[in-house]
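Engineer: Would you be able to build a 3D model of this:
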Amino acid sequence: MGSPKALLRFDGLTALEQNVARMRLAGIDDIRVVIGHDAERIRSAHPDLPVRWIENPQPERGMLSSILTGVAQLRRDEVAMLLQPVDIPLVSPKSLAALLDQWRRQQAPVIYPVFKHRRGHPPLIALDSVPFGTHWDQPGGLRVCLHRFDPDRSIEIDVEDPAILVDYDTPADYLAGLRID
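Structural biologist: So this is what the prediction gives:
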């Protein structure tokens, strides 16, 4: 992207602020943000953000290392997490709330939001589904780990939210997204 994705702006807020605001609107108060590259720049740009910061000491190992760093910081009594990448900042609070409601009704190793038959983000993941430790070096990372629950033990819920599928990985993605909004 050329700059931290967390600092991209959407409707006057950074991508990180958008994610946090939407989670809070969905009733999520315990929000943890794993940072690695440009950690101090991201943290200092959000001095009052109501989150717990977790620093990944080895961000060069990739996104899975950040996930596992975050999971390692969770208390033993926590049972699930929403895994929301910062570059998918416009997921509706209604979609987030639908995932939480489904979890309350029926817990599963993974609950995915689906828009027009396509899985998106964030998945709601039971913590006992995540490989603890930092040596999960299988090709495909967490995706392969979570696919072991398909099709019998994962749940998909339909949401009317195309934003679950839209990530901003490149400057072209970002500019195209700004034209849509």
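Engineer: Tell me where this protein has strands.
Structural biologist: Assigned by DSSP state E, the strands in the chain fall at 9-10, 13-14, 32-35, 52-55, 80-82, 110-115, 118-119, 124-126, 154-158.
Engineer: As CSV, those with distance to residue 72 would be great.
Structural biologist: Using the backbone N, CA and C atoms, a C-beta is placed for each residue, glycine as well. Below are these laid out as CSV (distance: least, C-beta to C-beta, whole Å):
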stretch, distance to residue 72
strand 9-10, 30
strand 13-14, 26
strand 32-35, 10
strand 52-55, 9
strand 80-82, 12
strand 110-115, 19
strand 118-119, 26
strand 124-126, 14
strand 154-158, 23
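Engineer: okay, these in a markdown table with mean neighbour count next?
Structural biologist: A markdown table is the format used below for these (neighbours: other C-beta atoms under 10 Å):
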| stretch | mean neighbour count |
| --- | --- |
| strand 9-10 | 15 |
| strand 13-14 | 18 |
| strand 32-35 | 20 |
| strand 52-55 | 14 |
| strand 80-82 | 20 |
| strand 110-115 | 22 |
| strand 118-119 | 13 |
| strand 124-126 | 21 |
| strand 154-158 | 16 |
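Engineer: do you know which of the ones you listed lies nearest residue 21?
Structural biologist: Across those, residue 21 has its closest neighbour in strand 13-14 (6.7 Å, C-beta to C-beta).
Engineer: Surely residue 124 touches residue 107?
Structural biologist: No: proximity of residue 124 to residue 107 does not meet the contact threshold set by C-beta atoms under 8 Å, at 9.3 Å.
Engineer: which residues do these two both contact?
Structural biologist: Here residue 124 and residue 107 have residue 80 as joint contacts, going by C-beta atoms under 8 Å, 6 or more residues apart in numbering.
Engineer: So for residue 174, which of the strands of the chain sits nearest?
Structural biologist: Nearest to residue 174, of all the strands of the chain, is strand 9-10, at 9.1 Å by C-beta to C-beta.
Engineer: Quick one: neighbours of residue 177, just the number.
Structural biologist: Residue 177 has 17 neighbouring residues, counting by other C-beta atoms under 10 Å.
Engineer: Touching, it and residue 166? I think so.
Structural biologist: Yes: counting by C-beta under 8 Å, residue 166 is a contact partner of residue 177 at 6.6 Å.
Engineer: what's the residue closest to the geometric middle of the protein?
Structural biologist: Nearest to the geometric centre of the chain sits residue 84, at 0.9 Å (C-alpha atoms, centre = their mean).
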